[in-house]
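S.K.: After the sequence you'll find the predicted model.
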Amino acid sequence: MLQAILLDRDGVINRERADYVKCWDEMEILPGALAALRRLARLPIPICVVTNQSAIGRKIISAQTVDALHRRLAALAAAQGGRIDAFFVCPHHPDAGCDCRKPKPGLLLQAAQRFSLDLSRCILVGDSFTDYAAAAAVHCPAILVQTGRQGSDLRRQLQGSPAIPLVSDLNAAAEKIRLRYDRTQQTV
Ligand SMILES: [Zn+2]
């Protein structure tokens with residue numbers, strides 16, 4: 001049975017910016033993302049965001065500001081019938097050598113601890129091979145979307161890995177997740 005949905009943020013829910021999302025005005029929600037969150041919210045399992053925010057470690061934005069952005073994002077999702085139950089953030093600089101910056105699986109492990117999850121029974125939606133690698137490290141299935149910075153170029157990058165499910169956007173991922181949820185419900 002599917003236990004939780006783990007979502008990358010930038011490139012999955014909102015448009016990724018090379019200069020980082022630093023304020024609410026820069027939080028450009030991707031088309032269909034709120035509708036996708038609404039569809040996912042119908043499943044009675046936690047929805048968590050797992051996101052690298054090295055802008056904190058780079059002193060470009062404070063952790064408090066990121067928290068405030070996330071509270072606002074969760075409120076926006078809720079106002080549209082969706083749900084984000086928790087945010088797990090890596091605030092570290094890439095050079096810090098932490099255990100949580102994806103492709104390390106630390107954020108997934110944090111979510112697993114908080115919600116008592118078997119990660120092999122969860123699913124992660126990301127927009128990069130880095131997300132896939134973080135999930136694979138803890139045997140968590142993953143779906144990649146093409147709304148990130150790499151866009152449709154991701155398909156070419158993944159040509160050596162045809163087993164990685166690749167869909168257009170979060171809405172398409174939500175449909176796959178719903179089917180997987182229904183299927184796993186039947187097999188318990
Ligand atoms: Zn970290």
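M.R.: Sure thing, it's come through. Numbering: from 1, shown residues only.
S.K.: Following the lowest-mean-pLDDT helix or strand in the chain in sequence, what is the next regular element?
M.R.: When each helix and strand of the chain is scored by mean pLDDT, DSSP states H and E, helix 153-157 comes last, with a mean of 80. Toward the C-terminus, helix 153-157 is succeeded by strand 166-167 as the next helix or strand (DSSP states H and E).
S.K.: so where do the helices sit in the protein?
M.R.: 33-41, 54-57, 63-79, 106-115, 129-137, 153-157, 170-187 (DSSP state H).
S.K.: what's the closest of those to the ion?
M.R.: The ion lies closest, by Cβ to the ion, to one member of the helices of the chain: helix 106-115, at 6.3 Å. Every residue, glycine included, has its C-beta placed from N, CA and C.
S.K.: and the chain, which residues reach the ion?
M.R.: Residues of the chain found near the ion (Cβ under 5 Å from the ion) are 90, 92, 98, 100, 101.
S.K.: ok, the residue nearest to the second one when sequence neighbours are not counted - how many residues close by?
M.R.: Leaving out its chain neighbours, the residue that sits closest to residue 92 by Cβ to Cβ, 6 or more residues apart in numbering is residue 98, at 4.1 Å. Using other Cβ atoms under 10 Å, residue 98 is surrounded by 16 other residues.
S.K.: Quick check: the gap between residue 178 and residue 45.
M.R.: 11 Å (Cβ to Cβ, to the nearest Å).
S.K.: Have a look at those two and say which one is more surrounded.
M.R.: residue 45 (20 against 15).
S.K.: what about the spatially closest residue to that one that is not a sequence neighbour, neighbour count?
M.R.: The shortest distance from residue 45 to any non-neighbouring residue, by Cβ to Cβ, 6+ apart, is to residue 4 (5.3 Å). Residue 4 has 25 neighbours, counted by other Cβ under 10 Å.
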